[in-house]
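Novice: next comes the sequence, and after it the predicted model I'd like to discuss.
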Amino acid sequence: MSVALYDTWSRSLRPFTPLQPEHVGLYCCGPTVYDYAHIGNLRTYVFEDVLRRVLELNGYRVRHIVNITDVGHLVSDADEGEDKMEKGSRRSGETAWSIAQRYTAAFQSDWRALNLLEPAEWPRATDHIPEQLEFIAALERKGYTYRTSDGIYFDTMKQDDYGHLARLERTGLQAGKRVAMGEKRNVSDFALWKFSPTDSRRQMEWDSPWGRGFPGWHIECSAMSAKHLGPWFDIHCGGEDHIGVHHSNEIAQTQACHGTRLANFWMHGHFLTLDDKKMAKTEGDFLRLQTLIDRGFDPLAYRYLCLTAHYRSTLRFTEEAMGAAQATLERLRNTYASWPEGGTAHEGFVARFNAEVNKDLNLPRALAVLWELSRSDLSAATRRATVDHFDAVLGLRLCDWQADSPEVPADVVALLDQRRKARAGKDWALSDRLRDALETLGWQVEDSAEGQRLRRDGSAAKGS
Ligand SMILES: Nc1ncnc2c1ncn2[C@@H]1O[C@H](COP(=O)(O)OP(=O)(O)OP(=O)(O)O)[C@@H](O)[C@H]1O
Ligand SMILES: [Zn+2]
């Protein structure tokens, strides 16, 4: 089998070959833990999880690193404004340290609810201050830095190909007339170390050879990826918003320090949008995974929704699309659960599925193969064994969906969906009427933290 992946660096689909046989180093920019993650952020992590699963399907052992940004990510990409952590602290009255702890735990809980595979490490920026200081010192020794009254900056004009990842034009990078430059020499220069204000103390600050302060955002990823994967590894991922600034700057630093562009492949997930705008924490009304759960959706239905769009196309979120994903997942679970174990995966379908996922993670096409299999006249046991193979990539936990009852008919699924919507809208009277209707058809419904659980009269409950 061979895998082809779209590389943002070359703007092309390239056959994937690991730098070391059978091993893949994968670094994914993690969350800034000043608030809950929104489902846009989580879309990017689902894409990265699918990438990892596809690599594992091809026999690679993946060392997956996801950092936790708990200091230094400023409100503005131009290195102005506040640190998001300190801002979060003032908003809630909690310390920046306890905010970081709380939102890291919340993020990891979303991670597990979406059945994302556990990374090898979750390195935190605040646990890697010595590595970042050493990195900045090396850049200083090589002549890439300069000092202003508020920090130590990287001089991007020292590199001929600065911004190649984003195809930035050098002319566009010269000191803009309208961009607030402060004392920066070039508009694209960025902070490596920021000094604490002289008149007040920050909650997160450290001594350094240049003065007390805190690291800039980009340096953490260059320093932590080098520590955990080495300065030249296989794949670096993030959302498409990182191409222009964060990843361009990671590359500039690492090229200056180690002479590499960090990763052989650069891959970027496209946005999830709401009302045609990028979902963003700064937009205020973002949706969390918990919001979806409170509205009666299963987190894995959100995962299913992500799989229906290619990672390099925008996914427009709507409640209707989410409802359709939930209904489809329920249909898949119930159909799967009605098939007996003991079969052998069908080679032809396995080969077709693998070919789709190996072609730059074409999950929408891979799902089409799954539904074709489901409707095929292959034996039910064969279909089940084949879907088990698919689910190693899809990550929908289908085999946890134990059935001890026959397939749930479509009208029951439809009633269940209406009842979920009624409950989300707090229409308890309608919810009760729908429960009665289900009972008339011979199905008991119970409400649990994971949603409605369905039971055929006289059998054990199953989730829905
Ligand atoms: N709407 C979105 N759709 C898909 N991925 C996104 C979206 N917004 C951010 N991401 C990605 O989510 C990951 C985590 O981002 P991070 O926590 O740094 O976001 P943030 O900058 O704090 O939040 P925001 O951009 O929402 O204000 C990154 O890979 C980022 O590119
Ligand atoms: Zn990063």
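Specialist: Done, it's in. The structure displayed is predicted, hence computed values, not measured ones. Numbering: from 1, shown residues only. Ligands and ions are numbered 1, 2, ... in the order given.

Novice: now the strands: where do they sit in the stretch 301-450 of the chain?
Specialist: Assignment of strands within the stretch 301-450 of the chain using DSSP state E, counting those that start in this stretch yields the ranges 315-317, 443-448.

Novice: in this structure residue 337 contacts residue 400, no?
Specialist: No: taking contacts as Cβ atoms under 8 Å, residue 337 lies outside contact range of residue 400: 9.9 Å. In this view, the C-beta of every residue, glycine as well, is placed from N, C-alpha and C.

Novice: quick one: which of these two has more around it?
Specialist: When neighbours are counted by other Cβ atoms under 10 Å, residue 337 and residue 400 differ, and residue 337 comes out ahead with 20 against 12.

Novice: not counting sequence-adjacent ones, nearest residue to the residue positioned nearest the centre of the chain?
Specialist: Within the chain, the residue whose C-alpha comes closest to the C-alpha centroid is residue 45; the distance, by Cα atoms, centre = their mean, is 1.5 Å. Sequence neighbours aside, residue 116 is the residue nearest to residue 45 in space, at 5.8 Å (criterion: Cβ to Cβ, 6 or more residues apart in numbering).

Novice: just the pLDDT for the one you found.
Specialist: Reported pLDDT at residue 116 in the predicted model: 97.

Novice: what's the neighbour count on it?
Specialist: Applying other Cβ under 10 Å, I find that residue 116 has 22 neighbouring residues.

Novice: how deep is residue 335 tucked in, by neighbour count?
Specialist: By the measure other Cβ under 10 Å, the count of residues near residue 335 is 20.

Novice: can you pull out the low-pLDDT segments for the chain?
Specialist: Per-residue confidence of the chain (counting by pLDDT under 70) places the weak regions at 170-180, 283-284, 402-408, 449-451, 458-464.

Novice: quick one on the thing from earlier: after the helix or strand that contains the residue nearest to the centre of the chain comes which helix or strand?
Specialist: When secondary structure is defined by DSSP states H and E, residue 45 falls within helix 39-57. Under the assignment DSSP H and E, the closest C-terminal helix or strand after helix 39-57 is strand 61-66.

Novice: report the contact partners of residue 84.
Specialist: The neighbourhood of residue 84, defined by Cβ atoms under 8 Å, 6 or more residues apart in numbering, consists of 32, 34, 73-75.

Novice: relative to ligand 1, how far out is it?
Specialist: Noted for residue 84: a distance of 6 Å to ligand 1, by Cβ to the nearest ligand atom, to the nearest Å.

Novice: apart from its chain neighbours, what residue comes closest to that residue?
Specialist: In space, not counting the residues next to it along the chain, residue 84 is nearest to residue 34; the distance is 4.3 Å by Cβ to Cβ, 6+ apart.

Novice: residues touching the one you found, list them.
Specialist: For residue 34, the contact set (Cβ under 8 Å, 6+ apart) comprises 73, 84-85, 87-88, 99-100, 103, 281.

Novice: which of the residues you listed lies closest to ligand 2?
Specialist: Proximity to ligand 2 was ranked across those by Cβ to the ion; first place goes to residue 73, at 9.4 Å.

Novice: surely the closest one and residue 81 touch.
Specialist: No: with contact taken as Cβ under 8 Å, residue 73 and residue 81 are classed as non-touching, separated by 10.5 Å.

Novice: count of neighbours near residue 81?
Specialist: The number of residues packed near residue 81 is 11, by other Cβ under 10 Å.

Novice: now do the contacts for residue 49.
Specialist: Contact analysis of residue 49 by Cβ under 8 Å, 6+ apart lists 114-117, 395.

Novice: before we move on, what about residue 320?
Specialist: When the contact criterion is Cβ under 8 Å, 6+ apart, residue 320 has no partners at all.

Novice: how about whichever residue of the stretch 1-150 of the chain sits closest to ligand 2: what's its closest non-neighbour residue?
Specialist: With Cβ to the ion as the measure, residue 29 is the residue of the stretch 1-150 of the chain nearest to ligand 2, at 3.2 Å. In space, residue 29 comes closest to residue 238 once its chain neighbours are excluded; the distance is 4.1 Å by Cβ to Cβ, 6+ apart.

Novice: I'd say the one you found and residue 271 touch.
Specialist: No: applying Cβ under 8 Å, one finds residue 238 not in contact with residue 271, separated by 11.9 Å.

Novice: ranges for the helices of the stretch 251-400 of the chain?
Specialist: With DSSP state H, counting those that start in this stretch, the ranges of helices along the stretch 251-400 of the chain come out as 289-294, 299-307, 319-337, 347-358, 363-375, 380-394.

Novice: distance to ligand 1 added to the ones you listed, as JSON lines?
Specialist: Supplementary listing: these in JSON lines, determined by distance: least, Cβ to the nearest ligand atom, whole Å:
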{"stretch": "helix 289-294", "distance to ligand 1": "13"}
{"stretch": "helix 299-307", "distance to ligand 1": "10"}
{"stretch": "helix 319-337", "distance to ligand 1": "15"}
{"stretch": "helix 347-358", "distance to ligand 1": "20"}
{"stretch": "helix 363-375", "distance to ligand 1": "15"}
{"stretch": "helix 380-394", "distance to ligand 1": "19"}
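
Novice: which one of these is the most hemmed in?
Specialist: Of all those, helix 299-307 carries the top mean neighbour count, a mean of 23, counting by mean count of other Cβ atoms under 10 Å.

Novice: residue 60: which of the helices of the stretch 251-400 of the chain is closest?
Specialist: When the helices of the stretch 251-400 of the chain are ranked by proximity to residue 60, the top entry is helix 347-358, at 11.9 Å, counting by Cβ to Cβ.

Novice: dump the strands of the stretch 301-450 of the chain into a markdown table; add distance to residue 381 and mean neighbour count as well.
Specialist: Listed next are the strands of the stretch 301-450 of the chain as a markdown table, based on distance: least, Cβ to Cβ, whole Å; neighbours: other Cβ atoms under 10 Å:
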| stretch | distance to residue 381 | mean neighbour count |
| --- | --- | --- |
| strand 315-317 | 35 | 18 |
| strand 443-448 | 25 | 15 |
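
Novice: show me which residues of the stretch 1-150 of the chain sit near ligand 1.
Specialist: Within the stretch 1-150 of the chain, the positions lying close to ligand 1 (Cβ under 6 Å from any ligand atom) are 29, 31-32, 38, 40-41, 43-44.

Novice: touching, residue 369 and residue 354? I think so.
Specialist: No: under the criterion of Cβ under 8 Å, residue 369 makes no contact with residue 354, lying 9.6 Å away.

Novice: can I get stretch 62-79 in CSV, CA atoms only?
Specialist: Presented in CSV, the C-alpha positions along stretch 62-79 are these (Å, rounded to 0.1, in the frame of the first residue of the first chain):
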residue,chain,number,x,y,z
VAL,A,62,3.4,6.9,14.9
ARG,A,63,5.0,9.0,17.6
HIS,A,64,2.3,11.6,18.0
ILE,A,65,3.0,14.8,19.9
VAL,A,66,0.3,17.4,20.8
ASN,A,67,1.5,20.4,22.8
ILE,A,68,-0.4,22.5,25.3
THR,A,69,0.0,26.2,24.8
ASP,A,70,-0.3,27.6,28.4
VAL,A,71,1.7,30.8,28.0
GLY,A,72,2.7,33.3,25.4
HIS,A,73,-0.1,33.2,22.8
LEU,A,74,-1.0,36.9,22.5
VAL,A,75,-4.4,38.2,21.5
SER,A,76,-2.9,39.6,18.2
ASP,A,77,-0.7,37.7,15.8
ALA,A,78,1.3,41.0,15.5
ASP,A,79,2.8,40.4,19.0
